[in-house]
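> Here's my sequence, what's the structure:
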Amino acid sequence: MSAQTVEGKRVQKGSAMVISVLVTAILSLLGISYLLMADTENRIAENEKLSAQALYFGEGTVREVKRWFDRPPYVTGYTKNLVRPLTTTMDRTQRWIDPDGDGPTARFKADGTAGAPYYKVGVDNDLDGNDDIFDKPFRSALADMLVGKEPGTDGLGLDEGPDIIINRAANSATATFLDGLRDKIAPSFPASAAGLTARIKRIDIYAPPYLDVAGAWTRYGMATVKVEVEIIKTGVASQVVASRVVKAVLNETPFPGPFGPLHSCAELNWNGAFNVHWGTSTAVGNADPKSKKMPDSIPRAIPPVPQIDLFNFWASPADDVPFGAMKASLEANKPIEDPWYRLIVGGVDKDYKTVLGQQCVSPPSATDADGSNQFHRMDPLVGCPDFDYYTWKDISKSGGSDVHYLAWDNGTSFRENGTGSARTYEAITDAQTGLFFFDTKDGNAPNPGLTNLTPEISLSGGTYGVRGMIYLNASNYESTGQTGRAIDMIWPGEPFRDSNQNGTKDATEGYINLNYLAQVGGNDPHIVLRGASADTYGGSVSWNKYGPAILNQTAIMWGVMYIAGTLDAQGNATYYGSIVTKGGTANKMTGTPDVWWDPRLKDNWPPPDWDLPRVIITRWQTDL
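Below you'll find the predicted structure:
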């Protein structure tokens with residue numbers, strides 16, 4: 001073999017080694033790049049996971065704040081909340097009042113005075129010694145409304161503005177409270193063993209959005225809740241690995257709606273000894289209560305709308321003297337069968353069909369209780385309380401506490417959320433508290449012919465009772481001969497002279513002083529009330545918003561019942577609250593049923609301890 005050949009082979013063996021090294025290097029670089037890409041993807045996935053976890057935690061925190069409005073923490077029943085938000089952890093002094101949002105009225109700083117109050121400071125309507133934070137009313141006084149401003153949204157450089165601020169940076173007590181709330185909402189979330197924990201940074205509660213509607217700045221909601229949350233990696237120095245801001249707009253749940261014991265969107269007819277008590281009953285069409293058996297009451301004047309209750313001699317100061325004489329006469333221990341009841345009919349009260357030329361079927365007396373509490377020919381002023389099908393269906397599907405959507409299965413049986421075993425209306429509601437929406441046969445709004453309403457619900461015999469809100473899309477609701485379950489009734493407040501026709505008792509408006517004390521011993525709502533100038537119920541001779549409790553009563557329904565079809569109440573059943581029937585009353589309506597108005601329906605319903613949703617979330621913003 002020649003030297004040249006050997007040398008050539010040596011050269012060839014060297015190039016192979018170089019090529020091998022190059023290939024190895026290239027493959028190594030490719031492997032490293034893939035590893036780096038995989039690591040980057042893992043980091044991206046981890047960040048997305050942490051961001052999503054922060055979002056879920058933020059949404060959960062917003063929902064818990066919503067529950068503070070559902071179950072006000074400073075009244076009976078507050079223990080149902082995960083935690084009790086303490087006033088010591090809230091800052092209500094940074095409030096900037098903006099009564100029309102971005103409208104023309106300039107915002108101004110709250111200072112605790114009557115014209116610039118802090119939110120709910122000094123507001124204690126239930127006289128329990130605590131500010132009524134998160135409790136009704138949510139309007140219309142500035143101290144009751146959430147009219148604060150989201151900080152940093154107007155370019156003015158102001159640090160604060162919300163009505164309520166709960167900021168962990170404020171002090172250690174607030175941080176401890178927020179951590180306790182975190183532990184209740186999502187304990188050990190997202191991975192305490194790996195050193196990851198969620199943290200609530202701040203909660204702001206302030207005004208809802210405002211929109212310019214035909215030149216008027218209009219509130220779209222009751223409040224805005226803004227929550228800032230973080231996920232941190234614990235250690236010597238906590239490291240924030242994810243943060244989210246979640247906002248939600250709250251609105252009042254649109255009940256009760258009715259303002260009296262019985263409302264018919266059509267005719268209102270009954271036979272037998274069926275009786276309706278307290279408040280205002282209405283019929284859009286004609287009414288036939290039979291035998292002119294309406295209770296005598298305080299002399300009334302024709303109201304401008306059914307919601308306004310006007311005494312005879314209501315105007316002030318023009319009627320001050322005759323009103324004073326009427327008041328003195330009624331309070332001289334004279335009988336007043338039902339100081340609160342009125343019947344207002346859009347069509348004709350058939351008991352008084354010959355009374356053609358007047359709306360008040362009986363002229364009011366100047367001194368004594370009479371039948372002037374009945375009005376007919378009030379069309380078109382008499383409307384029907386609005387219970388929108390789609391709104392209530394959405395609420396029933398919201399997944400809140402004691403909220404039930406019942407899909408029709410067959411006959412009078414329904415399935416919760418359309419799944420599970422079918423149960424009857426009676427089995428679903430008996431001895432229960434909640435919001436129950438019983439859907440139509442096809443799951444659509446009642447059609448013009450009402451052919452998609454479910455079959456008649458008929459309850460008969462035994463002991464039965466439900467409390468809450470019933471939305472029933474049935475052709476008819478019938479009850480006969482049932483014993484109700486225990487309820488807690490109260491007398492309505494003393495009727496007042498609504499001189500400015502605003503529906504609210506003002507300090508200068510007179511009232512009829514009632515002798516509640518004579519009723520307490522018997523606890524019988526059927527006792528005829530009498531006036532008594534010496535009555536000191538409540539500790540002094542003063543106007544009482546509510547009367548005493550009436551104990552040991554029973555009812556088959558306590559709350560609000562809306563019936564898309566007709567009502568046929570028979571037997572001796574008792575209802576406490578309000579019934580609204582879209583189709584009117586059936587022609588049978590016999591027996592001795594009683595419908596009593598619950599005066600709390602006007603301003604503080606549902607009761608906080610019923611666990612019904614007082615507010616609903618109408619808008620989310622999570623991409624912040």
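> need the contact list for the closest residue in space to residue 514 that isn't next to it in sequence.
Sequence neighbours aside, residue 494 is the residue nearest to residue 514 in space, at 5.2 Å (criterion: CB to CB, 6 or more residues apart in numbering). In short, each C-beta sits where N, CA and C put it, glycine included. Each residue near residue 494 by CB atoms under 8 Å, 6 or more residues apart in numbering is listed here: 339, 511-514, 543-544, 547.
> if we go to 6 Å?
511, 514, 543-544 (CB atoms under 6 Å, 6 or more residues apart in numbering).
> quick one, phi psi at it?
Here is the backbone geometry of residue 494 (degrees, to the nearest 10): phi -70, psi 130.
> quick one: it from residue 327, how far?
11 Å (CB to CB, to the nearest Å).
> What of residue 473?
46 Å.
> how about the contacts of residue 494, which pair is most distant?
Greatest spatial distance in the contacts of residue 494: 514 and 543, 10.1 Å, computed using CB to CB.
> Strands of the stretch 451-600 of the chain, start to end?
457-460, 466-472, 476-480, 485-492, 529-530, 546-555, 557-563, 566-569, 574-581, 594-597 (DSSP state E, counting those that start in this stretch).
> returning to what we had before: please say which of residue 514 and residue 543 ends up with more neighbours.
Per other CB atoms under 10 Å, whichever of residue 514 and residue 543 has more neighbours is residue 514, with 26 against 16.
> For beta bridges, what are the partners of the more buried one?
residue 531 (DSSP bridges).
> repeat for residue 423
Going by DSSP bridges, residue 423 forms beta bridges with residue 414.
> Could you check the pLDDT of it?
Each residue has a pLDDT score; the one for residue 423 is 95.
> burial count for it?
16.
> go on, the one 10 residues further on?
Residues within reach of residue 433, counting by other CB under 10 Å, total 19.
> The one helix or strand it maps to - contacts with which helices or strands?
Taking DSSP states H and E as the definition, residue 433 sits inside strand 432-438. Other helices and strands packing on strand 432-438, by 3 or more CB pairs under 6 Å, 6 or more residues apart in numbering; DSSP states H and E, are helix 389-396, strand 403-410, strand 466-472.
> surely residue 95 meets residue 109?
No. Under the criterion of CB atoms under 6 Å, residue 95 is not in contact with residue 109, lying 7.6 Å apart.
> Looking at the two now, which is surrounded by more residues?
residue 95 (30 against 13).
> Which of the strands of the stretch 451-600 of the chain comes out lowest on mean pLDDT?
Looking at those, the weakest mean confidence is strand 529-530, a mean of 79.
> contact partners of that strand?
Residues outside strand 529-530 that contact it (CB under 6 Å, 6+ apart): 333, 335-336, 514-515.
> For PyMOL, write the selection for the buried entries among those residues.
Buried residues within the contacts of strand 529-530, by 16 or more other CB atoms under 10 Å, are selected in PyMOL with:
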select buried, resi 336+514+515
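> just the contacts of strand 529-530 now: which is nearest residue 99?
Nearest member of those to residue 99, counting by CB to CB, is residue 514, at 37.4 Å.
> separation between that closest one and residue 604?
Taken as CB to CB, the span from residue 514 to residue 604 is 21 Å.
> any chance of the helices and strands packed on strand 432-438 in JSON lines, with distance to residue 305 too?
Below are the helices and strands packed on strand 432-438 laid out as JSON lines (distance: least, CB to CB, whole Å):
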{"stretch": "helix 389-396", "distance to residue 305": "23"}
{"stretch": "strand 403-410", "distance to residue 305": "32"}
{"stretch": "strand 466-472", "distance to residue 305": "24"}
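> most tightly surrounded among those?
The highest mean neighbour count among the helices and strands packed on strand 432-438 belongs to strand 466-472 (a mean of 25), with neighbours defined as mean count of other CB atoms under 10 Å.
> Quick one: residues contacting residue 42.
Applying CB under 6 Å, 6+ apart, no residues qualify as near residue 42.
> what about it, helix or strand, and which?
With DSSP H and E as criterion, residue 42 is part of helix 3-70.
> Just the buried positions in the longest strand anywhere in the chain, please.
The single longest strand within the chain, with elements called by DSSP state E, is strand 239-252. For strand 239-252, the neighbour count (16+ other CB under 10 Å) marks 241-252 as buried.
> now swap in stretch 189-202 and tell me
Buried residues in stretch 189-202 (16+ other CB under 10 Å): 189-190, 196-202.
> Identify, from these, the entry nearest to residue 115.
residue 202 (28.6 Å).
> And that closest one, what's its pLDDT?
Looking at residue 202, the pLDDT reads 95.
> Surely it and residue 170 touch.
No. Between residue 202 and residue 170 there is no contact under CB under 6 Å: 9.2 Å.
> Select the helix or strand of the chain having the lowest average pLDDT value.
helix 517-520 (a mean of 66; mean pLDDT, DSSP states H and E).
> so how far is residue 525 from the residue nearest to residue 516 when sequence neighbours are not counted?
Spatial nearest neighbour of residue 516, excluding adjacent residues (CB to CB, 6+ apart): residue 537 at 4.2 Å. Distance, residue 537 to residue 525, by CB to CB: 16 Å.
> And these two? Which one has more around it.
residue 537 (21 against 18).
> which stretches of the stretch 101-250 of the chain have low pLDDT?
153-159, 236-237 (pLDDT under 70).
> can we see that at 90?
Scanning the stretch 101-250 of the chain for pLDDT under 90 picks out 101-107, 122-133, 135-141, 149-160, 188-196, 210-220, 233-241.
> For it, which segments count as strands?
Under DSSP E, counting those that start in this stretch, the stretch 101-250 of the chain gives strands at 108-109, 164-167, 190-191, 196-206, 210-213, 216-219, 223-233, 239-252.
> List just the one of the ones you listed that sits closest to residue 23.
strand 239-252 (40.4 Å).
> Grab the CA positions of that closest one and hand them over as PDB.
What follows is strand 239-252, C-alpha atoms only, in PDB (Å, rounded to 0.1, in the frame of the first residue of the first chain):
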ATOM      1  CA  GLN A 239     -43.800  36.500  45.700                       C
ATOM      2  CA  VAL A 240     -46.900  37.400  43.800                       C
ATOM      3  CA  VAL A 241     -47.300  34.900  40.900                       C
ATOM      4  CA  ALA A 242     -50.800  35.900  39.700                       C
ATOM      5  CA  SER A 243     -53.300  38.700  40.200                       C
ATOM      6  CA  ARG A 244     -56.700  39.400  38.900                       C
ATOM      7  CA  VAL A 245     -59.400  42.100  39.300                       C
ATOM      8  CA  VAL A 246     -63.000  41.000  39.000                       C
ATOM      9  CA  LYS A 247     -66.000  43.400  39.000                       C
ATOM     10  CA  ALA A 248     -69.700  42.600  39.100                       C
ATOM     11  CA  VAL A 249     -72.800  44.800  39.000                       C
ATOM     12  CA  LEU A 250     -75.600  44.000  41.500                       C
ATOM     13  CA  ASN A 251     -79.300  44.700  41.100                       C
ATOM     14  CA  GLU A 252     -82.200  44.200  43.400                       C
END
